[in-house]
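> sequence first, then the predicted structure, then my questions.
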Amino acid sequence: MAVNDYIRERFFPHLWCAGCGHGIVLNGLIRAVEKLGMSRNEIVMVSGIGCSSRISGYMDFHTLHTIHGRALAFATGVKLSKPELNVIVPMGDGDALSIGGNHFIHAARRNIAITAIVMNNRIYGMTGGQYSPLTGPGMLATTAPYSNIDQSFDIVEMAKAAGATFVARTTTYHVHQMADIIRSAILHEGFSVVEVMSQCPTYFGRKNKQGGAVEMMKRMKEITTPIGSKKKVENPDLIERGIFVELDKPEYCSEYNQIIERAMGGY
Amino acid sequence: MAKAKLKEHRINREWCKGCGICVAFCPKEVLELDEQDKAVAVRIEDCIACRMCELRCPDLAIEVVVEKQESAT
Ligand SMILES: Cc1ncc(C[n+]2csc(CCOP(=O)(O)OP(=O)(O)O)c2C)c(N)n1
Ligand code: SF4
Ligand code: SF4
Ligand code: SF4
Ligand SMILES: [Mg+2]
């Protein structure tokens, strides 16, 4: 299928700003699904609210655009009722980890087969550049004009600790890796978390004088390194990217089916 | 073995927002922004059809069309 067969062309050009990393995630996601050879009918995309969450409007899958922070709760319902479908939940960093933080850790703990993609631009893009739990200390935001004092979450460490059985990180610069990781995450039988470091040139970039989209992407190349690389030993501040966790553990819908069988007396 | 050879760059001027990502990261400096801030291929002969411009475009505005070509015999 051609790229344009996966999208709702009537909504293009999309509403994201010039150079917004979320568009590159959309691009990578299409390549991942293309490689999987999955039919659009086998995929349900559930999102909340945010610039990132708009992605569900642009993709021509079964889509559900729900409420801020609650996408994983809706997705859990969809997956439990139709476990044969692949459920993908793209989320913003605020969506996933401030208002939606509890849904995030509990979906991970249950190990329900959902693919959560956190489009991490370290800011509330949609509402005008307020700091998020991923902004990090010393950074500027419209609500932290004298610099932010909040420590940030590490999405990978948090997903691992909460029990996600597939955990990975990539960036909008590393597009081949992004498509490969999203593909593996969709195939994984359990809760998968993919952090994609994304750029918001309009708020995060401008506020923090990081330049435009191009400079922000160059920076992602500079500040990251593959997992276990020598560079990380030499420079511990580098952020690792790649697949951190890929585990086989009981999946929630399969376990639930066994309970149904037991309750029906079928053991 | 078949090797990809460039046929054309299909650039959707309606969708391109002139972010310059494709221009900045093309390994062969094939692309530029024109006076309307739209991407254009100006050194087509240098293109190695790696498709990085297509894969990194946030607006799905650029497609690298290749011809299938038999490798030199
Ligand atoms: C219940 C609720 N609270 C707050 C909002 C306002 N709101 C909309 S999007 C958003 C945050 C967006 O940031 P993020 O999730 O990181 O997505 P981004 O826009 O950066 O992609 C907020 C606070 C809302 N829509 N609903
Ligand atoms: S405000 Fe930021 S996140 Fe939202 S579309 Fe613009 S660049 Fe993207
Ligand atoms: S990356 Fe896409 S939107 Fe940006 S300048 Fe190139 S073609 Fe235009
Ligand atoms: S295909 Fe590769 S070499 Fe050709 S224009 Fe695009 S990025 Fe440049
Ligand atoms: Mg955000």
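Right, received. Where do you want to start? Ligands and ions are numbered 1, 2, ... in the order given.
> now the helices for chain A?
Ranges of helices in chain A, per DSSP state H, are A:21-36, A:55-58, A:71-81, A:93-94, A:101-110, A:155-162, A:175-187, A:206-207, A:213-223, A:230-234, A:252-263.
> tell me which of those is the most buried.
Highest mean neighbour count of the helices of chain A: helix A:93-94, a mean of 30 (counted as mean count of other CB atoms under 10 Å in any protein chain shown). Every C-beta, even on glycine, is put in place using the N, C-alpha and C of the backbone.
> distance from that helix to the middle of the chain?
In terms of CA atoms, centre = their mean, to the nearest Å, the centre of helix A:93-94 is set 10 Å apart from its chain centre.
> which strands and helices sit next to it?
In terms of contacts (3 or more CB pairs under 8 Å, 6 or more residues apart in numbering or on different chains; DSSP states H and E), helix A:93-94 is packed against strand A:114-120.
> near chain B at all, the strand it packs on?
No. Using CB under 8 Å from any CB of the partner chain, we find that strand A:114-120 stays clear of chain B, coming within 11.8 Å at best.
> right, so of the helices of chain A, which gets closest to A:Cys200?
helix A:21-36 (7.1 Å; CB to CB).
> what angle separates that closest one from strand A:114-120?
When axes from the mean of the first three to the mean of the last three CA atoms, to 10 degrees is applied, the directions of helix A:21-36 and strand A:114-120 differ by 150 degrees.
> other SSEs contacting helix A:21-36?
Checked by 3+ CB pairs under 8 Å, 6+ apart, helix A:21-36 has helix A:55-58, strand A:86-92, strand A:114-120, helix A:175-187, strand A:192-197, helix A:213-223, helix B:52-56 packed alongside it.
> one more time with 7 Å
helix A:55-58, strand A:114-120, helix A:175-187, helix B:52-56 (3 or more CB pairs under 7 Å, 6 or more residues apart in numbering or on different chains; DSSP states H and E).
> hang on, the earlier thing: now render the helices of chain A as CSV, adding mean pLDDT.
Listed next are the helices of chain A as CSV, based on pLDDT from 0 to 100:
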stretch, mean pLDDT
helix A:21-36, 97
helix A:55-58, 98
helix A:71-81, 98
helix A:93-94, 98
helix A:101-110, 98
helix A:155-162, 98
helix A:175-187, 98
helix A:206-207, 98
helix A:213-223, 98
helix A:230-234, 96
helix A:252-263, 96
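> save those as JSON lines, and put in distance to B:Met52 too.
Below are the helices of chain A laid out as JSON lines (distance: least, CB to CB, whole Å):
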{"stretch": "helix A:21-36", "distance to B:Met52": "11"}
{"stretch": "helix A:55-58", "distance to B:Met52": "22"}
{"stretch": "helix A:71-81", "distance to B:Met52": "31"}
{"stretch": "helix A:93-94", "distance to B:Met52": "26"}
{"stretch": "helix A:101-110", "distance to B:Met52": "32"}
{"stretch": "helix A:155-162", "distance to B:Met52": "26"}
{"stretch": "helix A:175-187", "distance to B:Met52": "7"}
{"stretch": "helix A:206-207", "distance to B:Met52": "26"}
{"stretch": "helix A:213-223", "distance to B:Met52": "12"}
{"stretch": "helix A:230-234", "distance to B:Met52": "22"}
{"stretch": "helix A:252-263", "distance to B:Met52": "38"}
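> closest to B:Asp46 out of these?
helix A:213-223 (19.9 Å).
> neighbouring contacts of that closest one?
A:19, A:171-173, A:197, A:199, A:201, A:205, A:210, A:238-239, B:19-21, B:24 (CB atoms under 7 Å, 6 or more residues apart in numbering or on different chains).
> picking that back up, out of the helices and strands packed on helix A:21-36, which gets nearest to ligand 3?
Closest to ligand 3 of the helices and strands packed on helix A:21-36 is helix B:52-56 (CB to the nearest ligand atom; 6.3 Å).
> ok, and what's touching the helix or strand following that closest one?
Next in sequence after helix B:52-56, counting helices and strands by DSSP states H and E, comes strand B:62-70. The contact list for strand B:62-70 (CB under 7 Å, 6+ apart) reads B:2-11, B:22, B:39, B:49, B:51, B:53-54.
> follow-up on the earlier one: any of the contacts of helix A:213-223 buried? List them.
Using 16 or more other CB atoms under 10 Å in any protein chain shown as the burial test, the contacts of helix A:213-223 include A:19, A:171-173, A:197, A:199, A:201, A:205, A:210, A:238, B:19-21, B:24 as buried.
> can you pull the contacts of residue 31?
Picking chain A for this. So A:Arg31 contacts A:179, B:55 (CB under 7 Å, 6+ apart).
> right idea, wrong chain: chain B
B:Leu31 touches B:22-23, B:39-42, B:53, counting by CB under 7 Å, 6+ apart.
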